[in-house]
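Asker: Sequence isn't available, so here's the structure alone:
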């Protein structure tokens, strides 16, 4: 009986109690998806408004997941080659020691500002 009251508390498909249509956990109609579900399908919301929400009781109180229409979702954007190259250079700079100028397999700790060998942390 507790599960019935729980589901009824969050079931509001006509948005009478909440600002958008609301469904309990695992009860959303087909054609609606969360951001993570859209991303898994290679899509993004694409600027559309929230179509509905899912509410459930979780750690810290009531949790919310917003739902978007799959039919209005757009393909995920991909970074252009120049942007990917710039990101690669930035990550390479984070792996290069400022003291010995060696590129390491790990990111240089900001705490030391140099690789672990130069900082005397590695034997």
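Answerer: Arrived safely. For clarity, every value in this text was computed on a predicted model and none was experimentally measured.

Asker: Every contact and neighbour count from this point should use C-alpha atoms.
Answerer: OK.

Asker: which helix is the longest one in this structure?
Answerer: Scanning the chain for the longest helix, with DSSP state H as the assignment, gives helix 81-95.

Asker: mean confidence score for that helix?
Answerer: For helix 81-95, mean pLDDT is 97.

Asker: swap in stretch 108-123?
Answerer: In the prediction, stretch 108-123 has an average pLDDT of 88.

Asker: number of nearby residues for residue 82?
Answerer: Counted with other Cα atoms under 10 Å, residues neighbouring residue 82 total 9.

Asker: and if you look at the one 3 residues further on?
Answerer: A total of 12 residues lie near residue 85 under the criterion other Cα under 10 Å.

Asker: Kindly report the same for residue 50.
Answerer: By the criterion of other Cα under 10 Å, residue 50 has 15 neighbours.

Asker: same check, this time on residue 79
Answerer: Neighbours of residue 79 under the rule other Cα under 10 Å: 9.

Asker: Look up how far residue 89 lies from it.
Answerer: The gap separating residue 79 from residue 89 is 15 Å, by Cα to Cα, to the nearest Å.

Asker: who does residue 32 bridge with?
Answerer: Applying DSSP bridges to residue 32 yields these beta-bridge partners: residue 69.

Asker: Please disregard the earlier target; I meant residue 23.
Answerer: Counting by DSSP bridges, residue 23 forms beta bridges with residue 54.

Asker: and it, how many neighbours?
Answerer: 23.

Asker: for the one 5 residues further on, same thing?
Answerer: Other residues near residue 28 come to 18 when the count uses other Cα under 10 Å.

Asker: So which residue is dead centre in this structure?
Answerer: residue 36 (6.6 Å; Cα atoms, centre = their mean).

Asker: quick one: average pLDDT of the helix or strand harbouring it?
Answerer: Residue 36 is located in helix 35-40, with elements delineated by DSSP states H and E. The average pLDDT within helix 35-40 is 96.
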